[in-house]
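Novice: with the sequence up front, the predicted model follows.
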Amino acid sequence: MRIPPLHGLRFAFGTLTVLPVPVTRWDRVAARAGMLCAPLAGVVVGGIAGLLGAAALVAGAGPLLAAVCAAAVPAVLTRGLHLDGLADTADGLGSGKPAAEALRIMKQSDIGPFGVITLVLVLLAQVAALAEAYGGSWERGALAAAVSATAARLALTLAARRGIPAARPEGLGAAVAGVVPVRGALAVAVAVAAAAAAAAAGALSATYGAVRAAAAVVVAAAAAELLLRHCVRRFGGVTGDVFGGLAETAGTAALVVLSLG
C-alpha cells in the first residue's frame, strides 16, 4: 500500500522532533514511510544545530562554547527524548537482570548510575568532538553537526527494518519495529552516505573531507548496529528507549570520526 510522502514526513517530524508538525496518520504504513524519512528530520535538526554553533563562533565565542550551542539543539528539539532513551537503555543493560526485569527498570522514571555515567560521557564526547570541528572552521563544525544528526536518524531507519522485533507490545518501539523493508533501509543508508560526502566536498573543497564524511556515516551505522544486536539479545527486541540509545550512539560515533585528523 502506497502512502503520500507528506504523511511520511509528518510522521517523521511529528514523532522525532518537537517541531509543530501534526501526525495525520498513526499506523504501520505511515510508520514505514516515516522511518524511511527519518534522516530528513536529522538534516533539519543538524542544520539548525550547525548554524547556531557557527553563529556563536562568528559572534566571537570560542570553539567550546560554539560546540555546546550545537550540541544543545538536538536535545532541545527532541525534548531530550533520545538522551533519555540512552540513559534508560544503559540502566537496562547495566542491570544484568533478565529481559523482563531489565525492561521494567528501563520504564521507571528515575535514572540509575549506569544511565548517569553514560549520559555524562556521551555528552562530553559530543561537545569535545564538535569543539575540535569548530576549532578548524565554522564550515567544518556546521558540517559535523549536520552529518551527526542525520546519521543518528539513519540509525532509526536501519533499526526499524524487518526482522527486528519489538520487546514490548506497546509504545513507539512496537509501532515502528519491523516496518521498513531491508532494501529500503539499505537504500536510505547509501543515500545518506553519498549526501554526506557531497556536502563535505562542497563545504570543505577536499576529497579527504568527503571520504571522511561518508566514513562517519558508515561507522555510525556500524556502532548502532552493534548496540542494536546486543539489545535484541538482552531484551528480546527494541523499545522506544533503545531507539533513542541507537540515535545517540550513532550521532556520537559520527562526530568522533569527523573530529579526527
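Specialist: On my side now, so go ahead.
Novice: quick one: the strands in the protein?
Specialist: Under the criterion DSSP state E, the chain carries no strands.
Novice: give the residue farthest from the middle of it.
Specialist: residue 60 (29.2 Å; Cα atoms, centre = their mean).
Novice: now it: how far from residue 66?
Specialist: Taking Cβ to Cβ, to the nearest Å as the measure, residue 60 falls 10 Å from residue 66. C-betas here are computed from N, CA, C, even on glycine.
Novice: what is in contact with those two at once?
Specialist: Residues touching both residue 60 and residue 66 by Cβ atoms under 8 Å, 6 or more residues apart in numbering: none at all.
Novice: return the distance of stretch 115-134 from the chain's centre.
Specialist: Taking Cα atoms, centre = their mean, to the nearest Å, one finds the center of stretch 115-134 at 14 Å from the center of the full chain.
Novice: tabulate the CA atom coordinates of it in CSV.
Specialist: In CSV, the C-alpha atoms belonging to stretch 115-134 read as follows (Å, rounded to 0.1, in the frame of the first residue of the first chain):
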residue,chain,number,x,y,z
GLY,A,115,22.5,6.0,32.9
VAL,A,116,24.1,9.0,34.5
ILE,A,117,27.6,7.8,33.7
THR,A,118,26.6,7.1,30.1
LEU,A,119,25.0,10.5,29.6
VAL,A,120,28.0,12.4,31.0
LEU,A,121,30.5,10.5,28.9
VAL,A,122,28.4,10.8,25.7
LEU,A,123,27.7,14.5,26.1
LEU,A,124,31.4,15.1,26.9
ALA,A,125,32.4,13.2,23.7
GLN,A,126,29.9,15.1,21.6
VAL,A,127,31.0,18.5,22.9
ALA,A,128,34.7,17.7,22.6
ALA,A,129,34.3,16.4,19.0
LEU,A,130,32.2,19.4,18.0
ALA,A,131,34.8,21.8,19.6
GLU,A,132,37.5,20.1,17.6
ALA,A,133,35.5,20.6,14.4
TYR,A,134,34.6,24.2,15.1
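Novice: so what touches it?
Specialist: Contact with stretch 115-134 is made by 53-54, 57, 63-64, 66-68, 70-71, 83, 86-88, 90-91, 94, 111, 140-141, 143-145, 148, 248-249, 251-252, 255-256, 258-259, as judged by Cβ under 8 Å, 6+ apart.
Novice: separate out the buried members of these.
Specialist: Neighbour counting over the contacts of stretch 115-134 (16 or more other Cβ atoms under 10 Å) leaves 53-54, 57, 63, 66-68, 70-71, 83, 86-88, 90-91, 94, 140-141, 143-145, 148, 248-249, 251-252, 255-256, 258-259 as the buried ones.
Novice: mark which of these are part of helices, please.
Specialist: Using DSSP state H, the subset of these located in helices is 53-54, 57, 63, 66-68, 70-71, 83, 86-88, 90-91, 94, 140-141, 143-145, 148, 248-249, 251-252, 255-256, 258-259.
Novice: next, count neighbours for the nearest residue to residue 55 once chain neighbours are set aside.
Specialist: Ranked by Cβ to Cβ, 6 or more residues apart in numbering and with sequence neighbours excluded, the top spatial neighbour of residue 55 is residue 69, at 8.0 Å. Counted with other Cβ atoms under 10 Å, residues neighbouring residue 69 total 23.
Novice: same question, residue 93
Specialist: Residue 93 - counted by other Cβ under 10 Å - has 22 other residues nearby.
Novice: surely it is in contact with residue 232?
Specialist: No. Using Cβ atoms under 8 Å, residue 93 is not in contact with residue 232, being 11.8 Å away.
Novice: so how far is residue 103 from residue 121?
Specialist: 24 Å.
Novice: those two: who's more crowded?
Specialist: Each of residue 121 and residue 103 has its neighbours counted (other Cβ under 10 Å); residue 103 has more, 20 against 12.
Novice: please tell me I have it right and the more buried one contacts residue 169.
Specialist: No. When contacts are counted by Cβ under 8 Å, residue 103 is not listed as touching residue 169 (11.5 Å).
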